[in-house]
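Trainee: no sequence on this one, just coordinates:
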């Protein structure tokens, strides 16, 4: 429980050294029945939980035995690389969730113009479609079969055409004499 408080108290202004000292003191209080070496090992494990995964890997690679070694190593890395969250490339990608009703580009007038152009174009297309559908009446108006005049089919599906073909084929057959 005390270690959770240490993690919650860790602020952006708290130094790694202060965090290490606080974890060491809390581990001494929490594990007073254990020897010094076991307390240091447990404190080091809790310290690992409070640093980034990348830093944790570096500390494990250097095989730190006590928390003061780990604190010193983290401070050296921070001098060279800068504190995590600072400097160039500290934050690679940021993602935010927005409600479906929100438009994040409303503040940019260029994007707002483009959006308005798209919405007006869509409205014009919908109006044209409604007009076409109303004049067509849900069927193909004004179009009919050229052979029989029916509006139910076109000439390629005309039943009269099939009948004529059959008759033409009968007439075109050579006679066997």
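Mentor: Okay, I see it. All values derive from a computational prediction rather than experimental measurement. Numbers count the residues shown, from 1 in each chain.

Trainee: from the contact counts, what lies against the longest helix belonging to the chain?
Mentor: In the chain, taking DSSP state H as the definition, the longest helix is helix 109-136. With contacts defined as 3 or more C-beta pairs under 8 Å, 6 or more residues apart in numbering; DSSP states H and E, helix 109-136 has no helix or strand neighbours. (C-beta placed from N, C-alpha, C; glycine too.)

Trainee: and it, what's buried?
Mentor: Neighbour-count burial for helix 109-136, counted by 16 or more other C-beta atoms under 10 Å, picks out no residue.

Trainee: model confidence over that helix, on average?
Mentor: Averaged across helix 109-136, the pLDDT comes to 85.

Trainee: now do the domain split for the chain, please.
Mentor: 2-81, 143-177 (automatic domain parsing).

Trainee: among these, show the one with the smallest mean pLDDT.
Mentor: Looking at these, the lowest mean pLDDT belongs to domain 143-177 (a mean of 66).

Trainee: residue boundaries of the helices in this structure?
Mentor: Along the chain, counting by DSSP H, helices occupy 2-9, 16-30, 36-49, 53-61, 67-81, 109-136, 159-172.

Trainee: got JSON lines for the ones you listed, with distance to residue 148 too?
Mentor: What follows is those, written out as JSON lines (distance: least, C-beta to C-beta, whole Å):
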{"stretch": "helix 2-9", "distance to residue 148": "86"}
{"stretch": "helix 16-30", "distance to residue 148": "92"}
{"stretch": "helix 36-49", "distance to residue 148": "85"}
{"stretch": "helix 53-61", "distance to residue 148": "79"}
{"stretch": "helix 67-81", "distance to residue 148": "85"}
{"stretch": "helix 109-136", "distance to residue 148": "21"}
{"stretch": "helix 159-172", "distance to residue 148": "5"}
